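Visitor: here's my sequence, what's the structure:
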Amino acid sequence: MGFETHDVERKAISILKILSDSQEPLGARVIAHHLKEYGVELGERAVRYHLKLMDERGLTRLIGRRDGRVLTEQGEEEVKSALVKDKVGFAISRIELLAFRTSFDCEKCCGLIPVNVSFFPNGKFSKALQVMKPAFIEGLCVSDLVAVAQEGEMLGELIVPEGKVGLATVCSIVVNGTLLKVGVPMVSKFSGILQIKNNKPLRFVELIYYSGCSLDPSDVFIRARMTSVGEVAKSGNGKMLATYREIPALCQPIAEEVVAKLKKVGLGGLLVMGNSSESVCETPVELNRIGMILLNGLNPVAVAVEAGIEVENRGMSTVMEYRDLVKVQEV
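Guide: Next up, the predicted model:
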C-alpha cells in the first residue's frame, strides 16, 4: 500500500476492516469510535487524514456531501490479503470483546447478549427456517430464541443487505460473558466438529484453535460442509459444531449455578462439564482446570447449508437486547 511504517499500515488496515464490516457508508467520527475495539486510539481528524490517503490510492470512495466512505473493489481485496499475521488471533479477540460487552441479568431477564448473524436470500428463507427448526427443537444450539430482520433493518449493529433476510442466533459466548460478570475467568480454546453417537458426545474429529486463527472457525466448517447436524437431529448420530472452554477447578460450583440460571431463561449451550483435570470427550484438560464443551449457536444454520441453501454468516458479530428475541416457533 506504500504507507511509511508498519504502525501506520496497521491503522489503515483497521479502518478498511471497519468499512468492510459495515453495510453503509461510515464517517470519520464513527470509524474513530469503532477503532477503539481494535485497540487503536485515533482521533477523528487523524482518521480523516487516513481516509484521504486511501481515497487517493483507490481503496475508498466518498459517498454524498458528508464524509461517509465505502470500500472500492480494490479496497475489499486489500482487506482480504493484507497483514495476515495481524489477523491471527482475530477469533479469540472477538470472543473476549463480546464477553466483555455481555450485560445479561439472569434475574431481571434483560441486558445484552452476543449473537451470530446469518443472511439468507429472500426467496429461500422460508425453506431455510423449515429445515432449521428441528435443530432448534432438539436443543442442538445455545437457544431457540432468535431475531429476524428484513433488508435495510438492523440486527444489533448490522444492517441486513438488499435482497436478504437476517437471522440472529444466540452465541455460546453468552456463557463466557455471564461467567465473567461473576468473576469466573473462562479460557476459549478451540471450535471443532464433535461426533455424536446415540445422542451422546463422543469426541472432536476436527478442530481449529482460536489463538492461531484469522477466520471464524465455525464458518470455515460450515462452508466446507463438514457437518451433518440434520442427521444428529433425526437419528442422534452425526457431526455438529461445538466449542471447547476451560475454567479453574475452584470455580466449578459458581459455574454450575450460573449455567443453571441461564438454562432457566432459555439460554443453554452447555453440553458437557468435566471434573478437575479430567479429560472431556477425549480432550486432555490442564491441571486444576475443568473442561467444558458448549454447543455452537450456528448449528441450525449448518443444517440449512447441508440442504443446499446459500448463507452468509457473521459469527460472533454483535450483541442484542435479550427482550428483542423471540422463540423460533413464533417466527
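Visitor: can you give me the strands for the stretch 51-200 of the chain?
Guide: Along the stretch 51-200 of the chain, counting by DSSP state E, counting those that start in this stretch, strands occupy 60-63, 68-71, 112-121, 145-149, 154-155, 158-159, 164-170, 187-197, 200-209.
Visitor: export those strands to CSV and tack on distance to Leu179?
Guide: (C-beta placed from N, C-alpha, C; glycine too.) Shown next, in CSV, are these (distance: least, Cβ to Cβ, whole Å):
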stretch, distance to Leu179
strand 60-63, 40
strand 68-71, 37
strand 112-121, 13
strand 145-149, 19
strand 154-155, 25
strand 158-159, 26
strand 164-170, 15
strand 187-197, 11
strand 200-209, 21
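Visitor: and of those, who's closest to Leu294?
Guide: strand 187-197 (9.3 Å; Cβ to Cβ).
Visitor: partner strands of that closest one and their direction?
Guide: Here strand 187-197 is paired, per DSSP bridges, with strand 200-209 (antiparallel), strand 238-248 (antiparallel).
Visitor: number of nearby residues for Val40?
Guide: By the measure other Cβ atoms under 10 Å, the count of residues near Val40 is 18.
Visitor: could you say which of the strands paired with strand 187-197 is packed most deeply?
Guide: Highest mean neighbour count among the strands paired with strand 187-197 (mean count of other Cβ atoms under 10 Å): strand 238-248, with a mean of 23.
Visitor: let me know the average pLDDT across it.
Guide: Summarised as a single mean, pLDDT over strand 238-248 is 97.
Visitor: partners of Arg69 in the sheet?
Guide: Leu26, Leu62.
Visitor: tell me the confidence at it?
Guide: Per-residue confidence (pLDDT) for Arg69: 90.
Visitor: which helices and strands does the longest helix belonging to the chain pack with?
Guide: Assignment by DSSP state H gives helix 6-21 as the longest helix of the chain. In terms of contacts (3 or more Cβ pairs under 8 Å, 6 or more residues apart in numbering; DSSP states H and E), helix 6-21 is packed against helix 28-35, helix 44-56, strand 68-71, helix 73-81.
Visitor: that helix to helix 28-35, inter-axis angle?
Guide: Relative orientation of helix 6-21 with respect to helix 28-35: 100 degrees, computed using axes from the mean of the first three to the mean of the last three Cα atoms, to 10 degrees.
Visitor: mean confidence for helix 6-21?
Guide: 80.
Visitor: from Leu97, how far off is Ser81?
Guide: 24 Å (Cβ to Cβ, to the nearest Å).
Visitor: and those two? Which one has more around it.
Guide: Neighbour count, other Cβ under 10 Å: between Ser81 and Leu97, Leu97 has more, with 17 against 8.
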